[in-house]
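Enquirer: curious how this folds, go ahead:
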Amino acid sequence: MTSGEHVLKPCPFCGGEAQLNSVDAGHSVSCFECGVETFFIKERYCGYAGESKVVAVASWNERKSNDEHSGKKELV
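Expert: Here you go, the predicted structure:
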């Protein structure tokens, strides 16, 4: 999904579509399908206006799937 100039990758857990959430003075990203969500990033803790959106999108796009996170490896 594209949110303005920010491209959101599919959910790393279910492959569902992601959405950027803007609440009060900050942002998070969540999945439409399974509801998993990044932490809420408050604008006041960021260095410049709009940085909370950039941080939320980056944290969503850099997350690992369950298999990658657990260190599971497929046996051959």
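Enquirer: what's the nearest residue to the residue most central in space within the chain if we skip its chain neighbours?
Expert: Geometric centre of the chain, nearest residue: residue 60, 2.1 Å, by Cα atoms, centre = their mean. Spatial nearest neighbour of residue 60, chain neighbours left out: residue 29 (3.8 Å); criterion: Cβ to Cβ, 6 or more residues apart in numbering. For every residue, glycine as well, the C-beta is placed using N, CA and C.
Enquirer: give me the pLDDT for that neighbour.
Expert: If you check residue 29, the pLDDT there is 96.
Enquirer: equivalent analysis for residue 61, please.
Expert: 94.
Enquirer: wait, it sits on residue 9?
Expert: Yes - the pair residue 61 / residue 9 is scored as a contact, 4.8 Å apart, by Cβ atoms under 8 Å.
Enquirer: list the contacts of residue 44.
Expert: By Cβ atoms under 8 Å, 6 or more residues apart in numbering, the contact list for residue 44 reads 25-26.
Enquirer: phi, psi of it?
Expert: With angles defined as degrees, to the nearest 10, residue 44 sits at phi -70, psi -20.
Enquirer: quick one: it from residue 52, how far?
Expert: Noted for residue 44: a distance of 9 Å to residue 52, by Cβ to Cβ, to the nearest Å.
Enquirer: shared neighbours of those two, anything?
Expert: 25-26.
Enquirer: next structured bit after the least confident helix or strand in the chain by mean pLDDT?
Expert: Lowest on mean pLDDT, DSSP states H and E among the helices and strands of the chain sits strand 2-3, with a mean of 53. Counting by DSSP states H and E, the element after strand 2-3 in chain order, helix or strand, is strand 6-7.
Enquirer: quick one: list the elements packing against that following strand.
Expert: helix 51-61 (3 or more Cβ pairs under 8 Å, 6 or more residues apart in numbering; DSSP states H and E).
Enquirer: any regions of the chain where pLDDT drops low?
Expert: 1-5, 64-76 (pLDDT under 70).
Enquirer: can you do 50?
Expert: Residue ranges of the chain with pLDDT under 50: 69, 75-76.
Enquirer: can you map out the strands along it?
Expert: In the chain, strands defined by DSSP state E lie at 2-3, 6-7, 18-23, 26-31, 41-42, listed in chain order.
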